[in-house]
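Chemist: Got a predicted structure here, sequence first:
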Amino acid sequence: MVNRRTLLIGCLSIVIAIGVGSIFLPVHSLIDEQNHDSHSHGAKGDEDSRHQNTLVFPIPPPSDYDLPLIRAGWTLFRDKGLSSNNSVSCESCHNLQTNGAEITPVSVGVGGAGSRNALTVFNAALNYRFFWDGRTNSLKKQMDGPVHAPLEMASSWPLIVAYVASKPEYETLFDDADILPISAASIQYALVAFQESLLTPNAPFDRYLNGDQYAINSPAKQGWMAFQRLGCINCHQGQNIGGSLMQRFGYYGNDTRDKTQAKNIDMGRFQVTENDADKYLFRVASLRNVAETPPYFHDGRTNSLEEAIKIMANIQIGQSLEQSVISDLSAFLHALSAPRPQILEILERE
């Protein structure tokens, strides 16, 4: 009886171990198998590589636009009158003509230069967390940051409401959008609706995920495999391939862990919470259109995508990658680039 019970417990232990092992760290073994299958079975291997991992999803094409509402938000987004000295608009740090971000390492607002790089507004609606320190989790809440920050717009909602209400053109826009009276809530509603429309579907990688095996080239496919095998996908996931999780920046040899320079180092989420556990935690950036949005990292430390890949490999996974792998990863990241949001072309043609 004892032997049978021992045997049963032993079998259960093996089953549990196998089960747990398949839940955690499944990527590398699946990828190795995938690589073998792709060589053995051609197009079938391509299909497996597209669909083996459900952590990344394509952006769907936009649905019908509420043009009057989005038009009101678009006008507000570009209006420098929302800032305290009429010199800074949302678009000042989020260039709608290019990449939804800016080309400078850090943003410059009413109070001068800030300390962090502006994240792109394109696809921002797909994020769960906002700001590099992840302090808010909605587009509406996010707006309070730049509006009130002395270095950015240095304003307030009462001042903005008074300004907007004084302009006859806004009365017309808000009437057309059916969001009168002009208030902080209606202004925020219009701005959120505009930002929600700034999606960039139809990247080559999205088409690949949707079944077009020729949408990306061989280096990009190899880069996608490496992206999974190295564990990048554990943080950069979802429709936006990032934008939701908080992670410590610098597990291996990063200068942010040097306590002798602590006064000059951005400590990430800690600067909001003052919780020691939050030191050096930053929001994982979206990789959508990443090839078009240098400079990289919260401090804009490099304009080179390949250099950014090297930095991430060194300090996040403790690896020095071969140049061929870096090139493949770069090819994959370029395949995440898509045309500007369609809504901008519609608005600009009016």
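Modeler: Ah, there it is.

Chemist: got the contact list for stretch 140-152?
Modeler: 82-83, 88, 90, 93, 107, 109-114, 130-131, 135-136, 153-157, 160, 188, 191-192 (CB atoms under 8 Å, 6 or more residues apart in numbering). Where you see a C-beta, it was placed from the backbone N, CA and C, and this is true even at glycine.

Chemist: Which of those residues fall within helices?
Modeler: Using DSSP state H, 90, 93, 157, 160, 188, 191-192 are the members of those that sit in helices.

Chemist: Need these in CSV (columns: pLDDT, distance to Lys221 and neighbour count).
Modeler: Converted to CSV, these look like this (pLDDT from 0 to 100; distance: CB to CB, whole Å; neighbours: other CB atoms under 10 Å):
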residue, pLDDT, distance to Lys221, neighbour count
Cys90, 97, 37, 24
Cys93, 94, 35, 23
Trp157, 98, 48, 16
Ile160, 98, 48, 23
Gln188, 98, 42, 20
Leu191, 98, 39, 22
Val192, 98, 37, 18
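
Chemist: Let me have the residues you listed in a markdown table, extended by distance to Trp74.
Modeler: Formatted as a markdown table, the ones in helices among the contacts of stretch 140-152 follow (distance: CB to CB, whole Å):
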| residue | distance to Trp74 |
| --- | --- |
| Cys90 | 10 |
| Cys93 | 16 |
| Trp157 | 19 |
| Ile160 | 16 |
| Gln188 | 14 |
| Leu191 | 9 |
| Val192 | 12 |
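
Chemist: so which of these would you say is closest to Val272?
Modeler: Cys93 (19.5 Å; CB to CB).

Chemist: quick one: pLDDT of Ala162?
Modeler: pLDDT recorded at Ala162 is 98.

Chemist: Now for it, how many residues are close by?
Modeler: Counted with other CB atoms under 10 Å, residues neighbouring Ala162 total 11.

Chemist: Does it lie in a helix or a strand, and which?
Modeler: Ala162 is located in helix 157-165, with elements delineated by DSSP states H and E.

Chemist: do the same with Phe282
Modeler: Per DSSP H and E: strand 281-283 holds Phe282.

Chemist: Which residues are in contact with Ile216?
Modeler: When contacts are counted by CB under 8 Å, 6+ apart, Ile216 is found next to 204-205, 207-208, 224, 331-332, 335.

Chemist: ugh, typo on my part, it should be Ser337
Modeler: 203-204, 289-292.

Chemist: gap between whichever strand or helix holds Pro68 and the chain center?
Modeler: Counting by DSSP H and E, the element that carries Pro68 is helix 67-77. Distance of helix 67-77 from its chain centroid, counting by CA atoms, centre = their mean, to the nearest Å, is 23 Å.

Chemist: Give me the residues contacting it.
Modeler: Applying CB under 8 Å, 6+ apart, the contact partners of helix 67-77 are 82, 89-91, 94, 96, 164, 169-170, 173-174, 176-179, 187, 189-195, 197, 343, 346-347, 350.

Chemist: now stretch 172-191
Modeler: The contact list for stretch 172-191 (CB under 8 Å, 6+ apart) reads 66, 68-73, 75-77, 90, 139-140, 143, 157-158, 160-161, 164-165, 170-171.

Chemist: Any quick ChimeraX command for the buried ones out of those?
Modeler: Selection of buried members from the contacts of stretch 172-191 for ChimeraX, criterion 16 or more other CB atoms under 10 Å:
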select :66,68,69,70,71,72,73,75,76,77,90,139,143,157,160,161,164,170
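
Chemist: For Ser320, the count of nearby residues, please.
Modeler: 8.

Chemist: Make sure it is actually in contact with Ile311.
Modeler: No. At 11.2 Å, Ser320 does not count as touching Ile311 under the criterion of CB atoms under 8 Å.

Chemist: contact partners of the strand holding Phe282?
Modeler: Contacts for strand 281-283 (CB under 8 Å, 6+ apart): 129-134, 243, 245-249, 268-270, 298.

Chemist: one more time with 7 Å, if that's ok
Modeler: 129, 131-134, 246-249, 268-269, 298 (CB atoms under 7 Å, 6 or more residues apart in numbering).

Chemist: Which among the contacts of stretch 140-152 count as buried?
Modeler: With burial judged by 16+ other CB under 10 Å, the buried subset of the contacts of stretch 140-152 is 82-83, 88, 90, 93, 107, 109-110, 114, 130-131, 135-136, 153-155, 157, 160, 188, 191-192.

Chemist: which residues of the stretch 151-300 of the chain score low on pLDDT?
Modeler: 251-264 (pLDDT under 70).

Chemist: residue ranges of the strands in it, please?
Modeler: Listed in chain order, the strands of the stretch 151-300 of the chain (DSSP state E, counting those that start in this stretch) span residues 246-248, 281-283.

Chemist: I'd like those strands as a markdown table, with mean neighbour count appended.
Modeler: As requested, these are exported to a markdown table (neighbours: other CB atoms under 10 Å):
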| stretch | mean neighbour count |
| --- | --- |
| strand 246-248 | 18 |
| strand 281-283 | 23 |
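
Chemist: Can you tell me which of those is nearest to Cys232?
Modeler: For the strands of the stretch 151-300 of the chain, proximity to Cys232 was assessed by CB to CB; strand 246-248 is nearest, at 11.3 Å.

Chemist: center of the chain, which residue is that?
Modeler: Per CA atoms, centre = their mean, the C-alpha nearest to the average position across the chain is that of Ser286, at 2.0 Å.

Chemist: quick one: that one and Gly243, what's the gap?
Modeler: Note on Ser286: its distance to Gly243, by CB to CB, to the nearest Å, is 4 Å.

Chemist: Could you pull out the residues contacting both of the two?
Modeler: Shared contacts of Ser286 and Gly243 (CB under 7 Å, 6+ apart): Asn127.
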